[in-house]
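> Here is my input, please return the structure:
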Amino acid sequence: MRKVLLFIGLILLMLQVNAQTDEATNDWHLVQKTLNLYLDGMGTSDSIKVSKSFHDSWQLKYFEDDKINIIKKPKYLERFDSAPHAKSAKWSGRIVFIDITNTVAVAKVEISTIKLLFTDYFNLMKTSDGWYIVDKISTRSPHRTLETPTASAK
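Coordinates of the predicted model:
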């Protein structure tokens, strides 16, 4: 009888662990989906996609002119004044990492344009409606270029 109870206990434990793994995997994919919605919206200048990835409380923080600047969601979305367009071949975006704990997550995203590399760090939260980006801090830097020596004529 003892072996049967031990066996049943192990099976229940394995079911619980499997359920938690499935939920964590699902959350990772849902966070990735939210970040990809943001990236696709940024790449195509689609304010609707970008807006859907942001929670209403969303804000951007960045450092410039020796101070921290804050832009709230409505003001940020005003930047998208033209209709969506196809992604430029000189634009790319990628998710560098995602880290999730329960109903909160952090992520690092890089967007590369012809001149600049933007590095964005996001805080995300899981609500009853899904995962949303609630905060973004961002920095940008010029692309590094390397000069390669040319062969000299002899």
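> what stretches of this structure score poorly on pLDDT?
Within the chain, the ranges that satisfy pLDDT under 70 run 4-7, 9-21, 23, 145-154.
> what about the helices in it?
All helices of the chain, identified by DSSP state H, fall at 2-44, 47-53, 73-77.
> Setting the sequence-adjacent residues aside, check what's closest to Tyr76.
What sits nearest to Tyr76 in space, not counting adjacent residues and going by CB to CB, 6 or more residues apart in numbering, is Leu60, at 5.8 Å. C-beta coordinates here come from the backbone N, C-alpha and C atoms, glycine included.
> So the one you found is in contact with Ile68, correct?
No. Contact status for Leu60 versus Ile68: not in contact, 10.7 Å apart, counting by CB atoms under 8 Å.
> Please list all residues in contact with the spatially most central residue of the chain.
Centroid-nearest residue in the chain, with CA atoms, centre = their mean: Leu35, separated by 3.8 Å. Contacts for Leu35 (CB atoms under 8 Å, 6 or more residues apart in numbering) come out as 53, 95, 98, 107, 109, 122, 133.
> swap the cut-off to 7 Å and go again
95, 107, 109 (CB atoms under 7 Å, 6 or more residues apart in numbering).
> How about Ile137?
Residues in contact with Ile137, defined by CB under 7 Å, 6+ apart, are 61-62, 121.
> In JSON lines: those residues, plus neighbour count and distance to Ala83.
Rendered in JSON lines, the data for the contacts of Ile137 read as follows (neighbours: other CB atoms under 10 Å; distance: CB to CB, whole Å):
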{"residue": "Lys61", "neighbour count": "13", "distance to Ala83": "29"}
{"residue": "Tyr62", "neighbour count": "15", "distance to Ala83": "26"}
{"residue": "Tyr121", "neighbour count": "16", "distance to Ala83": "29"}
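> What about these, which are in strands?
Secondary structure assignment (DSSP state E) places 61-62, 121 from the contacts of Ile137 within strands.
> Does Gln32 touch Val96 like I think?
No. Taking contact to mean CB atoms under 7 Å, the distance of 12.0 Å between Gln32 and Val96 leaves them out of contact.
> Tell me which of those two has more neighbours.
Gln32 (14 against 11; other CB atoms under 10 Å).
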